[in-house]
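Asker: Next one to model:
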Amino acid sequence: MSTTDIVLIVVIALMLAYAIFDEFIQPLRQGGTLLRVPLRRTNRLDTLIFVGLIGILIYQNIIHNGTVLTTTLLISLVAMSLYLFYIRRPKLLFKATGFIYTNIFIPYTRIRNMNLSEDGILVVDLEKRRLLINVQQLDDLEKIYKFIIENQ
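Answerer: Prediction:
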């Protein structure tokens, strides 16, 4: 087993661990999830370029009679990438005491101001940061508004 195969195994294992964490553990953190809002996907072109580059590596590995293990690991890496960036949906999870956005728990007490931009992006101002939450459907903004009003 080469160093390349070991690195591929580690990367695939980390991607799999993140997928399991995001799908099964994240909704249970900080109490039960009271509201789940799907978000818009970003960086689709970046993922397509990444998958294309790995496709070139697979082609080169097959042409130069590389090991079957390396080819299999590269195909697994493509499959995990496609799952994480095209099949899995990013989500905003609202809990009793805060919300989870991009895997970070943010308590409601940190919110200083909330605004809605003209293009339907929810702008949440924290102490030192501004979050731009881009929901998938505009109706979800109303759900978020009602949820925050009822739970504050």
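
Asker: Outline the domain layout of the protein.
Answerer: 3-30+42-88, 92-150 (automatic domain parsing).

Asker: Which one, of these, ends up nearest to residue 36?
Answerer: domain 92-150 (5.8 Å; C-beta to C-beta). Backbone N, C-alpha and C define where each C-beta goes, glycine included.

Asker: Output the below-cut-off pLDDT ranges for this structure.
Answerer: The chain contains residues with pLDDT under 70 at 152.

Asker: just the helices in it please.
Answerer: 3-20, 44-63, 68-82, 139-150 (DSSP state H).

Asker: Summarise which helices and strands the second one is packed against.
Answerer: So the one you mean is helix 44-63. helix 68-82 (3 or more C-beta pairs under 8 Å, 6 or more residues apart in numbering; DSSP states H and E).

Asker: contact partners of the helix it packs on?
Answerer: The contact list for helix 68-82, computed with C-beta atoms under 8 Å, 6 or more residues apart in numbering, reads 1-2, 4-5, 8-9, 11-12, 15-16, 19, 47, 50-51, 54-55, 57-58, 61-62.

Asker: what does stretch 128-142 give?
Answerer: 37-40, 42, 89, 92, 101, 106, 116, 120-125, 144.

Asker: Look at the closest residue to residue 35 other than its chain neighbours and say how many residues are nearby.
Answerer: Spatially, and ignoring its direct neighbours in sequence, residue 35 is nearest to residue 94 (3.9 Å; C-beta to C-beta, 6 or more residues apart in numbering). Counted with other C-beta atoms under 10 Å, the neighbours of residue 94 add up to 20.
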